[in-house]
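Colleague: please work out how this folds:
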Amino acid sequence: MTDPIQQQLINARKKQILDAAAAVFAEKGFHPTTIRDIAKHAGIADGTIYNYFENKSMLLIGIFEQMRETIIAQQVPPPADLDAKSFVQAFLQHPLNALKADNFALIRIVLAEMMVNDELRIRYHQQILEPTLAPAEAYLQEQVNQGKLHIADVKLTVRALASMIMGLILEYTMGDDTLIDQWDQLPATLANLILYGIKDKK
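Modeller: Here you go, the predicted structure:
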């Protein structure tokens, strides 16, 4: 068993490597970047990276895990009496806020790589997507069990919500001016759309 001090050192070194990888990936792209580039940016020897990460794909997964942990750390457990609109808005707000600034460059790189890299796609699904969706599934299922919400398929509903986020990310990375200018307004807009839809005035 690793002692606490040693674990802190390991975690600090991983963060140093991942921060360097994120910066270089965002600047140069995934494929042009070499382990040597990342090591140079981190100020360490090339071989040191392999002590913590198998390959570049695992560096991308590590970066996403850092992002996910940041999102989770910022989340406040929803109160039991939270209404549906507030829950949906909160569910959407945390990941959308986490994607601001330089993270969009990383998202673009990861999305492109996942289309051709089976290992990365599988690991992303297992290590990032499933653990991120699980809390929302549990919360909505509890609301259904208590008779507060009527949802035919909780898992499918959560994935539909998640797909909205993914689609908006893709559109943002393509340079949509409206999304760039009004990104912070999306959670409230989406919550209204999901719960109330688009209705004709009568």
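Colleague: rest of the way, CA atoms for contacts and neighbours
Modeller: Fine.
Colleague: could I get the buried residue list for the longest helix anywhere in the chain?
Modeller: In the chain, with assignment by DSSP state H, the single longest helix is helix 4-28. Buried residues in helix 4-28, counted by 16 or more other CA atoms under 10 Å: 13-26.
Colleague: one more: stretch 126-139?
Modeller: 128, 129, 132, 133, 136, 137, 139.
Colleague: repeat for stretch 29-49
Modeller: Buried residues in stretch 29-49 (16+ other CA under 10 Å): 29, 30, 33, 34, 35, 37, 38, 39, 41, 42, 46, 49.
Colleague: next: stretch 178-197.
Modeller: Those would be 179, 183, 186, 187, 188, 190, 191, 192, for stretch 178-197 by 16+ other CA under 10 Å.
Colleague: for those, give me JSON lines that also has secondary structure and pLDDT.
Modeller: Below are the buried residues of stretch 178-197 laid out as JSON lines (DSSP: H, G, I helix; E, B strand; the rest coil; pLDDT from 0 to 100):
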{"residue": "179", "secondary structure": "helix", "pLDDT": "90"}
{"residue": "183", "secondary structure": "helix", "pLDDT": "88"}
{"residue": "186", "secondary structure": "helix", "pLDDT": "89"}
{"residue": "187", "secondary structure": "helix", "pLDDT": "87"}
{"residue": "188", "secondary structure": "helix", "pLDDT": "89"}
{"residue": "190", "secondary structure": "helix", "pLDDT": "87"}
{"residue": "191", "secondary structure": "helix", "pLDDT": "85"}
{"residue": "192", "secondary structure": "helix", "pLDDT": "87"}
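Colleague: for the residue most central in space within the chain, phi and psi?
Modeller: Residue closest to the average C-alpha location in the chain (CA atoms, centre = their mean): residue 68, at 5.2 Å. With angles defined as degrees, to the nearest 10, residue 68 sits at phi -60, psi -40.
Colleague: got a list of what it touches?
Modeller: 128, 132 (CA atoms under 8 Å, 6 or more residues apart in numbering).
Colleague: I'd like to know how far it sits from residue 62.
Modeller: Going from residue 68 to residue 62 by CA to CA, to the nearest Å gives 10 Å.
Colleague: one more: residue 123?
Modeller: 10 Å.
Colleague: higher neighbour count, the two?
Modeller: residue 62 (23 against 15; other CA atoms under 10 Å).
Colleague: so what pLDDT did that one get?
Modeller: pLDDT, residue 62: 88.
Colleague: please parse the protein into its domains.
Modeller: Using automatic domain parsing, the domain parsing of the chain gives 1-53, 56-196.
Colleague: just how off-centre is the longest one within its chain?
Modeller: Domain 56-196 sits 6 Å away from the centroid of its parent chain (CA atoms, centre = their mean, to the nearest Å).
Colleague: equivalent analysis for the first one, please.
Modeller: Domain 1-53 sits 20 Å away from the centroid of its parent chain (CA atoms, centre = their mean).
Colleague: show the average pLDDT along that domain.
Modeller: Mean predicted lDDT for domain 1-53 stands at 90.
Colleague: start the count at 6, not 1, going forward
Modeller: In the new numbering, first residue 6, that becomes domain 6-58.
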